[in-house]
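Asker: Sequence first, predicted coordinates after that:
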Amino acid sequence: MSIRDFTEIQKKLQKSLDDARYGHTVGVMYTAGCLAMAHGYDMEKAMFAGLLHDCAKCMSHEERVTLCRNHAVEISQSEMKNPSLLHAKAGAILAKEAYHITDSDILHAIAVHTTGIPDMSMLDKIIYIADYIEPGRDQAPNLAYLRKMAYRDLDSCIALISHDTLCYLQTKNYAIDPATEETYHFYKQYRKETDEIWKC
Ligand code: DGI
Ligand code: FE
Ligand code: FE
């Protein structure tokens with residue numbers, strides 16, 4: 001993978017994503033690159049994963065279902081019922097098929113970026129966190145705290161992000177995917193913040 005690959009992927013992505021999503025994607029790409037620098041991970045790999053993590057976001061739910069079925073990728077009941085979830089697995093397929101990414105670490109980070117999973121790889125963690133804290137985000141609670149903490153402690157960031165995501169889903173009465181719950185259940189061992197931050 002080279003700089004030329006970046007430019008070509010960016011051009012193609014810009015055509016298939018709306019402007020806001022493309023802007024978010026570039027934000028995640030650079031944030032993932034910075035987190036890789038801070039934690040001694042391969043910067044280019046993190047940037048490719050960040051760039052492509054939402055590549056299936058602007059497809060319809062039906063298109064994502066068809067894509068998964070055509071590639072024999074299992075769709076869970078929860079992914080079938082909650083269209084916001086399937087763009088992660090569909091994104092991993094598209095990154096491979098349409099953007100020619102063969103690196104299995106990158107494809108895995110894309111596939112798990114929305115719910116997280118227990119015991120993630122460093123790249124999975126970088127993408128999960130970069131997605132939440134990139135500069136274009138402004139709604140989530142604890143953003144300033146997480147933006148600082150992300151350069152020091154990935155695991156405690158995931159504890160707080162997965163906690164706040166569960167709170168958000170509960171408040172909105174949205175169905176919670178088992179993986180979202182399992183992610184918090186695993187990472188809560190890394191909680192180290194004051195009581196104030198953990199309110200829901
Ligand atoms: O794709 P992005 O918007 O950049 O971010 P994302 O991939 O983290 O997706 C965020 C959306 O996914 C947000 O609307 C909350 C939703 N989400 C995450 N976990 C769950 C969930 N939605 C449901 N219904 N259940 C979950 O467990
Ligand atoms: Fe996403
Ligand atoms: Fe995203």
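Answerer: Yes, it's here. Ligands and ions are numbered 1, 2, ... in the order given.
Asker: Enumerate every residue touching residue 92.
Answerer: 107, 108, 110, 111 (CB atoms under 8 Å, 6 or more residues apart in numbering). For glycine as for every other residue, the C-beta is placed from the backbone atoms N, C-alpha and C.
Asker: Let's see if you can find the most crowded of the residues you listed.
Answerer: Of all those, the most densely surrounded is residue 110 (31 neighbours; neighbours counted as other CB atoms under 10 Å).
Asker: okay, it: pLDDT?
Answerer: Looking at residue 110, its pLDDT reads 98.
Asker: I'd like to know which elements the helix or strand harbouring it is packed against.
Answerer: Using DSSP states H and E, the element containing residue 110 is helix 104-111. With contacts taken as 3 or more CB pairs under 8 Å, 6 or more residues apart in numbering; DSSP states H and E, helix 104-111 sits against helix 43-52, helix 87-97, helix 122-133.
Asker: the inter-axis angle of it versus helix 122-133?
Answerer: 30 degrees (axes from the mean of the first three to the mean of the last three CA atoms, to 10 degrees).
Asker: follow-up on the earlier one: would you convert the helices and strands packed on helix 104-111 into JSON lines that also reports distance to residue 186 and mean pLDDT?
Answerer: Below are these laid out as JSON lines (distance: least, CB to CB, whole Å; pLDDT from 0 to 100):
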{"stretch": "helix 43-52", "distance to residue 186": "21", "mean pLDDT": "97"}
{"stretch": "helix 87-97", "distance to residue 186": "18", "mean pLDDT": "98"}
{"stretch": "helix 122-133", "distance to residue 186": "12", "mean pLDDT": "99"}
